[in-house]
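In: generate coordinates for the sequence data below:
(chains A, B and C)
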Amino acid sequence: MVLELQKPRPIWQIMFSTHHTDVGLLYLIMSLGFLFLGGALALAIRAELFLPGSQIIGDAMTFNRMFTVHGTTLIFLFIIPFASAVGNYFVPIMVRYKDMAYPKLNAIAFWLIPPAGALIWLGFADFTWYATPPYSIISAPGPAADMWIFGLKILGISSILGSINFVVTIMRCKHPDMSLGQVPLLAWSFLTSSLIILVAMPTFAAALLMLLTDRLGVSGFFNPAMGGDPIAYAHLFWFTFHPEVYVLVIPAIGMMYEIIPRFSRKPIHSYQSGITAFVLLSIVGFSSWAHHMYATGMSFTEKTVFMVGTLAAVPASALHVFNFVATMWNSRIRFSTPMMWAIGGIALFFSAGAGGVANAAMPLDFTTHDTYWVVGHFHLFVMGTIAFGSIGYLYYMYPYVTGRMYNETMGKVHFVMSFIGTVMVFFTQHVLGLYGMPRRIYDYPPIPEWITMNQIASIGAMIIGVSMAIFLANMIYSAGKGKPANIEDPFGVGGRYYYPFEAKNPHH
Amino acid sequence: MKGVIGLLAVLAVLVVIPVAEYAFAAGDEPGEYLDRRVVIWNLFFRMMTIAFVVGAVVSGTIIWQVWRFRESHPKAKPTPYEGTDW
Amino acid sequence: MAHSAWPEWIYVGVVIALMCWVGAEAWEAERLVEHYPEDAHVIKVTGQQWFWTFEHEDGTKEIGELHVETGKAYKFEVTSKDVNHSFNIHDYVVLMDAIPGRVNHVWFAPDKAGEHDIQCREYCGLIHYNMRGKLIVEDPSS
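Out: The predicted structure is shown next:
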């Protein structure tokens, strides 16, 4: 399993395997595939917005479908499966167990995703990743909308099965000599994020069913014409998907907890505060969902409660930053590619968080809500923090997966270009939002400031696009032709890796 | 570190008190309508002032660390853990 | 590993203090902007795919354009006929979702004659991008 390309197996052996590294490899390849598909949509969207008027996308409906599928793909088909890939590879090793607790369930959880992805991509729905009723009930064209609903339903089941597996593997299957307080932080991040999924996801699953029956016309939960309330959907949706934000970010932070001490040649500053912050975040994350809904006519009291709940999540996130900074203090840092991604991710994590605090402050919602400010803000999280941590970790686990080293120069070029591009796109989008440009628009009036900033953002996006092409070339080329890695210490920084050097090639 | 905290505390006090006074005074004058643009954008720029100060401290710290603790720095020295199986 | 914990506690304290400050400031500002003037003129705003309708207190209706006068306060009663919209006059920092079955409130007091854009800020379908209107602020005619 480690040296897949050096000891090739027929592909069906990997596909039908239930071994955790095989499933991890499947997750990895599929999530990267969707990363490039979703990224291509992003480039098309940015190209369209380069100038007012119609550029490369013929009509508004196609554009609306594209940003919907872009968001759905990158969140549900890239970030979450990528985290599952890392978890599959490393969690059993970190808790010193031979496999995931339920290997067959693990394979099922993976194999639910490709059909779901197919439903989403073949349907190409247009009602945004938020599927807001009543639009999604009375106005969104089918069968795309229904296919999206079924796709998300399947993805929800998949992530619940995956979460059960992670929780049981960590809580019940860890080595008897190992207490929970000795489980590495990356595994802790999977424990906490899986628990969040288990608590949060059923709510959305219920909302999706109601949305479906509403679309079929047999119920009117969210349809005002039948006595329903669209705001109820908003509550159910955000009760799942605000905590889901932490589901996305916590594993990425966990990956940084693996990378940063490694390349600082020092253990993490405070293991305890890392765990505390994860657990706190997973609890406090449930107290802030309605901050997405300030403008829906909530009362002053409601808004205040959810503002306080949102701000309460900040100290926990800030603890991670402190931990990283303290770990790098008095260390001797080797700037291999993974470390550069991790440090870039922390820097952008701060900016994203600061923007989030501004969003949480109730009256500022009048200026920022549903503008490009919000787009810039959450992209700083998902791209700047989560994707940076994930891509850094991909470079970090690359020798373990392929037995070869990636090209270091290309990796660094990839990082520098992506970092510049990310700053150009998403910082500019914050300002664009302050000028009042709404999100999810196909065309915009020729206001000079809007044009300039859209162009800066589009150029930034193209830079990211080029860097991703370099990344893809590096991954593919190095997998076959890269230098063989010294699997016991591929980065030459010493210490104990969670790489099972002795691992064989199990088939089952 | 202490200096920074002191600075932040002073800044916070300097900003909070006048603003609170202004805010409580506004809106109470008869016949005058509050200008929501002023209230909201002032709040925004005050928060951005703090955010950029904190951001400068945080990213300044990270940039300095990255420069100082790189392995090619003349004063770089091995950490106590190097060579052990930590 | 032995390390002193007090810098971390101070750091957390500073973060918490900053968040308290943010919360207090936001609370105060929100309290101010949610205080509706009693003599505000009511304008009923209705969003539908993909235009805005305005109804003044005296029953006059306008579509896509809204005429108001300086020196007066206006209270918008925002609702929608079909799907969710969001009524937005960015220059006056006015934003409120238009949701079918609900009436949401927001107010403002224009202070200078001029023209401003009205737009929809919540995704509402095909022509969401062009669900725009004009706010025309005039000096009182008297």
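In: now stretch B:71-86: buried residues?
Out: B:T79, B:Y81 (16 or more other Cβ atoms under 10 Å in any protein chain shown). From N, CA and C alone the C-beta is placed, and that goes for glycine too.
In: can it be found next to chain A?
Out: Yes - shown here: stretch B:71-86 in contact with chain A (Cβ under 8 Å from any Cβ of the partner chain) through B:E71, B:A76, B:K77, B:P78, B:T79, B:Y81, B:E82, B:G83, B:T84, B:D85, B:W86.
In: among these, give me the pair with the biggest separation.
Out: Comparing every pair within these by Cβ to Cβ identifies B:A76 and B:D85 as the most remote, at 22.0 Å.
In: need phi/psi at the residue nearest in space to the middle of chain C.
Out: Nearest residue to the geometric centre of chain C (Cα atoms, centre = their mean): C:L95, 2.1 Å. Backbone geometry at C:L95, expressed as degrees, to the nearest 10, gives phi -150, psi 130.
In: roughly how far apart are it and A:I138?
Out: Distance, C:L95 to A:I138, using Cβ to Cβ, to the nearest Å: 24 Å.
In: can you show me the CA trace of stretch C:16-28 as CSV?
Out: Taking C-alpha atoms only, stretch C:16-28 is exported to CSV below (Å, rounded to 0.1, in the frame of the first residue of the first chain):
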residue,chain,number,x,y,z
ILE,C,16,-11.7,37.8,25.4
ALA,C,17,-11.4,41.5,26.2
LEU,C,18,-11.3,42.4,22.5
MET,C,19,-14.4,40.3,21.9
CYS,C,20,-16.3,41.9,24.8
TRP,C,21,-15.4,45.3,23.3
VAL,C,22,-16.6,44.2,19.8
GLY,C,23,-19.8,42.8,21.3
ALA,C,24,-20.5,45.9,23.4
GLU,C,25,-19.8,48.3,20.5
ALA,C,26,-22.0,46.3,18.1
TRP,C,27,-24.8,46.1,20.6
GLU,C,28,-24.8,49.8,21.1
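In: for the helix or strand containing A:Y396, the distance to its chain's centre please.
Out: With secondary structure defined by DSSP states H and E, A:Y396 is part of helix A:388-402. From the chain centre to the centre of helix A:388-402 is a distance of 15 Å (Cα atoms, centre = their mean, to the nearest Å).
In: right, and the helix or strand after the helix or strand where A:L195 lies?
Out: Take DSSP H and E as the rule and A:L195 turns out to sit in helix A:185-216. Where DSSP H and E defines the elements, the next helix or strand beyond helix A:185-216 is helix A:230-264.
In: is chain B within reach of the next helix or strand after that following helix?
Out: Where DSSP H and E defines the elements, the next helix or strand beyond helix A:230-264 is helix A:271-284. No - if you take Cβ under 8 Å from any Cβ as the test, helix A:271-284 misses chain B, and the best it gets is 12.0 Å.
In: buried set for helix A:271-284?
Out: By neighbour count with 16+ other Cβ under 10 Å, helix A:271-284 contains the buried residues A:Y271, A:S273, A:G274, A:I275, A:A277, A:F278, A:L280, A:L281, A:S282, A:I283, A:V284.
In: so the third one is in contact with A:I260, correct?
Out: No - shown here, A:G274 and A:I260 do not form a contact pair, counting by Cβ atoms under 8 Å, at 10.9 Å.
In: chain B: strands as residue ranges?
Out: Applying DSSP state E to chain B gives no strands.
In: alright, I will stop here.
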